[in-house]
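[1] build me a model from this:
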Amino acid sequence: MSAGVDKERLMQVLLSPLVSEKSTFVGEKNNQYVFRVLADATKPQIKAAVELMFKIKVKEVQVLNVRGKDKRFGRFEGRRRSWKKAYVSLMPGPDGKKQEITFQAQE
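    From the prediction side, this is the model:
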């Protein structure tokens, strides 16, 4: 792959941040952020994508496959899609402080 295609791929790896009670608690306690990622994304790709998009150093990435739930719609049975989430741990900053990711657009 060329470098341009690689960056394009990395920009598509992270789908969205997960904001829930659990992810907020984990983020404050362990300096981690939780993202919904592509189902075929690997740990090195997720790490590179976070470092590219947010200009921040990543310590480690933990990945979890979430199985889709069985659902019923009246007499019809269905299943939600399975997906993958990633817990991204950040390195401490140069002065020892916790680094943070801001999800607001910077000008």
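
[2] Leu38 touches Leu15, doesn't it?
    Yes: counting by CB atoms under 8 Å, Leu38 does reach Leu15; the two are 6.7 Å apart. For every residue, glycine as well, the C-beta is placed using N, CA and C.

[3] strands along the protein, start to end?
    14-17, 32-37, 58-66, 70-73, 76-79, 83-90 (DSSP state E).

[4] show residues contacting the third one.
    Contacts to strand 58-66, defined as CB atoms under 8 Å, 6 or more residues apart in numbering, come from residues 37, 41, 43, 46-47, 50-51, 82-91.

[5] change it to 7 Å
    For strand 58-66, the surrounding residues in contact (CB atoms under 7 Å, 6 or more residues apart in numbering) are 43, 46-47, 50-51, 82-91.

[6] narrow those to those that are buried.
    With neighbours counted by 16 or more other CB atoms under 10 Å, those contain buried members at Ile46, Lys47, Val50, Lys84, Lys85, Ala86, Tyr87, Val88, Leu90.

[7] show me which pair in the residues you listed is furthest apart.
    Spatial extent of the buried ones among the contacts of strand 58-66 (CB to CB) is set by the pair Lys84 and Leu90 at 19.7 Å.

[8] if I look at Arg36, how far off is Pro44?
    Distance of Arg36 to Pro44, given as CB to CB, to the nearest Å: 18 Å.

[9] with neighbour numbers in mind, choose between those two.
    For Arg36 and Pro44, the more surrounded residue by other CB atoms under 10 Å is Arg36, and the numbers stand at 14 against 9.

[10] by mean pLDDT, flag the weakest helix or strand of this structure.
    In the chain, the helix or strand scored least confidently by mean pLDDT, DSSP states H and E is helix 3-13, which has a mean of 82.

[11] which strands or helices does that helix pack on?
    helix 43-54 (3 or more CB pairs under 7 Å, 6 or more residues apart in numbering; DSSP states H and E).
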